[in-house]
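Chemist: dropping a prediction and its sequence here:
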Amino acid sequence: MPTLSNIGWQFDNSYARLPELMMSRVKPVKVHSPKLIILNQKLSKELGLNFRSLKDRDIASLFAGNTLPQGSETIAQAYAGHQFGHFTMLGDGRAVVIGEHLTPNNKRFDIQFKGSGRTPYSRGGDGKAVLGPMLREYIISESMHALNISTTRSLAVVTTGEEIMRETSLPGAILTRVAASHIRVGTFQFIAMKNDMGTLKNLLNYTINRHYPELIKENNHAIELLKVVIDTQINLVVDWMRVGFIHGVMNTDNMAISGETIDYGPCAFMDNYDPRTVFSSIDHQGRYCFINQSLIAHWNVSRFAETLIPLLDNNEKKAITIGEEIINSFSEKFQSKWLSMMRQKLGLFGEKNNDEKLVNNLLSLMHQNNTDYTNTFCDLMKNKLPNNSFYQHHKFVDWFKEWKNRQSQNKMPKKLSLSLMRSANPYVIPRNHKVEEVLTAASESGNLEPMKKILSELNNPYDYREDINEYRIVPKTSNIQYQTFCGT
């Protein structure tokens, strides 16, 4: 068998050198009959990895954790989190980071196996994953990357040859996830609850060195990190809302300090516009619905600020005041970023006093008439609107005239306005019903062709082609009728 050393792995496991309190050293549980389902060749190339010397069975053994590459140092990370508002001590209950890989251009990425068996943080769970949710994360995360949204990536999916009991017996699987890191708000919460000031300072400095080295020269690292994390989270959620994405489980343990979208559990994309859309089967109160995502991000960074209070200032009262002032900037910043994004979707340059009203009037009409979020903005990019009742309604006609009048104030060529819209409005997203078709074909009959096809179509979401029309069709079932599950 060819050795794994000639693939291109270059491990430098800095997180594993942090205090032992922050992790458990555990290996993936070996599986009986691993089989390669999909390997992300494009991402492999970006990482400087080449698997051509390996046979599929050897690649499967690698991504199942049966054969670990030289230089790997497997750990499960400890963290805490507010889950639906309730604080819990957590950790990687079914995931193992095998190490940090350095690419040829010296970028650092965590390589993590998801679904690789029990760890000390499993809390009675089996630590396993099943094929459907792992393929789902692969599809959605790669789609988000193509949509130019900060995200973890998916390198490979293998089946384990085991049957895993959930509601029914399902094929076991392991996803290999690639992330800038897996440092979360919950990581800081875990250390703060341990009241270990030395480790908290260590984590703060490590995070800045790894993700935001430009802050090293600043006088107060905690203040500056809080500010930049607020900005990255605002940018991320605004991007989610640009494409109608609903994360579904915005717990603090699912909020990455790097600003990447992480943990694609009960996530989905909104079809018909409804700001209260929620897909998660366990989100009965709509805590993580589409319109609430900014409020939850605000809440999450507030919890982050609480962990940093001892580092914001030596005087606790002053530290709290500093933290509150920074956190209170969130709402205004978010609103400004969101409105700027919506201007892009409508091809508007500059700022006019009536812009927010113009945007909200359109969203209100879309909600009242149950129109598709993605396709409506794509229709506005056409020379001629489709002939349907919504676009012929007098309220929309009046809005359309106002919009065209606002566009005329751009003082920019019309083609630039259209280019702005095309950069913000995808033609194709992972439609929920199409994703389900793909997952059913793969899980029940082993047919991977539909998955390969949808991945190909999602790879260039801003380019219109005739052959993508089947992926633009709005399902007959409503958003409310579609439910997603976390996969555990």
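Modeler: It's in. In this text the structure is predicted, and so the values were computed from the model without any measurement.
Chemist: shaky segments in the stretch 151-300 of the chain?
Modeler: 280-282, 284 (pLDDT under 70).
Chemist: tell me where it has helices.
Modeler: Applying DSSP state H, counting those that start in this stretch to the stretch 151-300 of the chain gives helices spanning 185-194, 197-211, 221-243, 293-312.
Chemist: nearest to N410, out of these?
Modeler: helix 221-243 (19.7 Å; C-beta to C-beta). For glycine as for every other residue, the C-beta is placed from the backbone atoms N, C-alpha and C.
Chemist: for the closest one, name the packing helices and strands.
Modeler: helix 197-211, helix 293-312, helix 316-327, helix 330-345 (3 or more C-beta pairs under 8 Å, 6 or more residues apart in numbering; DSSP states H and E).
Chemist: most tightly packed of those helices?
Modeler: Mean neighbours per residue, mean count of other C-beta atoms under 10 Å, is largest over the helices and strands packed on helix 221-243 for helix 293-312, with a mean of 20.
Chemist: which strands or helices does that helix pack on?
Modeler: Other elements packing on helix 293-312 under the criterion 3+ C-beta pairs under 8 Å, 6+ apart are helix 185-194, helix 197-211, helix 221-243, helix 316-327, helix 330-345.
Chemist: about what we covered before: now render the helices of the stretch 151-300 of the chain as a markdown table, adding distance to Q344.
Modeler: Formatted as a markdown table, the helices of the stretch 151-300 of the chain follow (distance: least, C-beta to C-beta, whole Å):
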| stretch | distance to Q344 |
| --- | --- |
| helix 185-194 | 28 |
| helix 197-211 | 26 |
| helix 221-243 | 8 |
| helix 293-312 | 17 |
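Chemist: just checking: what are the partner strands of the longest strand belonging to the chain?
Modeler: With secondary structure taken from DSSP state E, the chain has its longest strand at strand 153-165. Its sheet considered, strand 153-165 pairs with strand 35-39 (antiparallel), strand 169-179 (antiparallel) by DSSP bridges.
Chemist: show me the one of those that comes nearest K404.
Modeler: Ranking these by distance to K404, with C-beta to C-beta as the measure, places strand 169-179 first at 43.6 Å.
Chemist: list the buried residues in that closest one.
Modeler: 170-179 (16 or more other C-beta atoms under 10 Å).
Chemist: and if you look at stretch 374-382?
Modeler: Neighbour count says stretch 374-382 has 374-380 buried, by 16+ other C-beta under 10 Å.
Chemist: residues in contact with N447?
Modeler: By C-beta atoms under 8 Å, 6 or more residues apart in numbering, N447 lies in contact with A441.
Chemist: am I right that it is in a helix?
Modeler: No: counting by DSSP: H, G, I helix; E, B strand; the rest coil, N447 is located in no helix; its state is coil.
Chemist: now tabulate the helices and strands packed on helix 221-243 in a markdown table and tack on distance to G125.
Modeler: Formatted as a markdown table, the helices and strands packed on helix 221-243 follow (distance: least, C-beta to C-beta, whole Å):
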| stretch | distance to G125 |
| --- | --- |
| helix 197-211 | 26 |
| helix 293-312 | 24 |
| helix 316-327 | 34 |
| helix 330-345 | 34 |
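Chemist: wait, which of those is closest to R153?
Modeler: Set against R153 and scored by C-beta to C-beta, the helices and strands packed on helix 221-243 come closest in helix 197-211, at 16.5 Å.
Chemist: check which helices and strands that closest one sits against.
Modeler: Judged by 3+ C-beta pairs under 8 Å, 6+ apart, helix 197-211 is in contact with helix 185-194, helix 221-243, helix 293-312.
Chemist: who touches the first one?
Modeler: The one in question is helix 185-194. 21-22, 77-82, 87, 89-91, 199-200, 203, 251-255, 257, 300-301, 303-304, 306-308.
Chemist: same thing but at 7 Å, please
Modeler: Here helix 185-194 makes contact (C-beta atoms under 7 Å, 6 or more residues apart in numbering) with 21, 78-81, 89-90, 199-200, 203, 252-253, 255, 257, 300, 303-304, 307.
Chemist: quick one: the strands in the stretch 51-200 of the chain?
Modeler: 75-77, 80-83, 86-89, 95-102, 108-114, 129-130, 153-165, 169-179 (DSSP state E, counting those that start in this stretch).
Chemist: closest one to W403 among those strands?
Modeler: strand 153-165 (36.9 Å).
Chemist: list the buried ones in that closest one?
Modeler: Here strand 153-165 shows 153-160, 162, 164 as buried, counting by 16+ other C-beta under 10 Å.
Chemist: just flag the most distant two among these.
Modeler: R153 and E162 (25.4 Å).
Chemist: still on that earlier bit, A16: which of the helices of the stretch 151-300 of the chain is closest?
Modeler: Once those are compared by C-beta to C-beta, helix 197-211 is nearest, at 11.6 Å.
Chemist: now do that closest one: distance to the chain's middle.
Modeler: 23 Å (C-alpha atoms, centre = their mean, to the nearest Å).
Chemist: with only the CA atoms kept, save the longest strand of the chain in PDB.
Modeler: C-alpha atoms of strand 153-165 as PDB (Å, rounded to 0.1, in the frame of the first residue of the first chain):
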ATOM      1  CA  ARG A 153     -15.800  22.900   3.800                       C
ATOM      2  CA  SER A 154     -16.300  19.200   3.200                       C
ATOM      3  CA  LEU A 155     -13.500  17.000   2.000                       C
ATOM      4  CA  ALA A 156     -14.900  13.500   2.000                       C
ATOM      5  CA  VAL A 157     -17.700  11.200   3.000                       C
ATOM      6  CA  VAL A 158     -17.200   7.500   3.700                       C
ATOM      7  CA  THR A 159     -19.700   4.900   4.900                       C
ATOM      8  CA  THR A 160     -18.500   2.600   7.700                       C
ATOM      9  CA  GLY A 161     -20.300  -0.600   6.900                       C
ATOM     10  CA  GLU A 162     -22.300  -0.300  10.000                       C
ATOM     11  CA  GLU A 163     -26.000   0.100  10.500                       C
ATOM     12  CA  ILE A 164     -26.800   2.900  13.000                       C
ATOM     13  CA  MET A 165     -30.100   3.000  14.900                       C
END
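Chemist: give me the angle between that strand and strand 108-114.
Modeler: Interaxial angle, strand 153-165 versus strand 108-114 (axes from the mean of the first three to the mean of the last three C-alpha atoms, to 10 degrees): 10 degrees.
Chemist: run the angle between strand 153-165 and strand 95-102 for me.
Modeler: Going by the same axes, to 10 degrees, strand 153-165 makes 160 degrees with strand 95-102.
Chemist: what sits up against strand 153-165?
Modeler: Against strand 153-165 from outside (C-beta under 7 Å, 6+ apart): 31-40, 43-44, 60, 63-64, 126, 128, 130-131, 134-135, 137-138, 141-142, 145, 169-178.
Chemist: per-residue confidence for R422?
Modeler: pLDDT for R422: 97.
Chemist: got the contact list for it?
Modeler: 381, 462.
Chemist: how far does whichever strand or helix holds it sit from its chain's centre?
Modeler: For R422, the enclosing helix or strand under DSSP states H and E is helix 414-424. Helix 414-424 has its C-alpha centroid displaced from the chain centroid by 26 Å (C-alpha atoms, centre = their mean).
Chemist: convert that helix to CSV, retaining C-alpha atoms only.
Modeler: Only the C-alpha atoms of helix 414-424 are listed here, as CSV (Å, rounded to 0.1, in the frame of the first residue of the first chain):
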residue,chain,number,x,y,z
LYS,A,414,-27.5,50.6,-16.1
LYS,A,415,-25.2,47.7,-16.8
LEU,A,416,-23.3,48.4,-13.5
SER,A,417,-26.6,48.3,-11.6
LEU,A,418,-27.3,44.9,-13.2
SER,A,419,-23.8,43.6,-12.4
LEU,A,420,-24.3,44.6,-8.8
MET,A,421,-27.6,42.6,-8.7
ARG,A,422,-26.0,39.6,-10.3
SER,A,423,-23.3,39.6,-7.8
ALA,A,424,-25.8,39.5,-4.9
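Chemist: cheers, nothing more for now.
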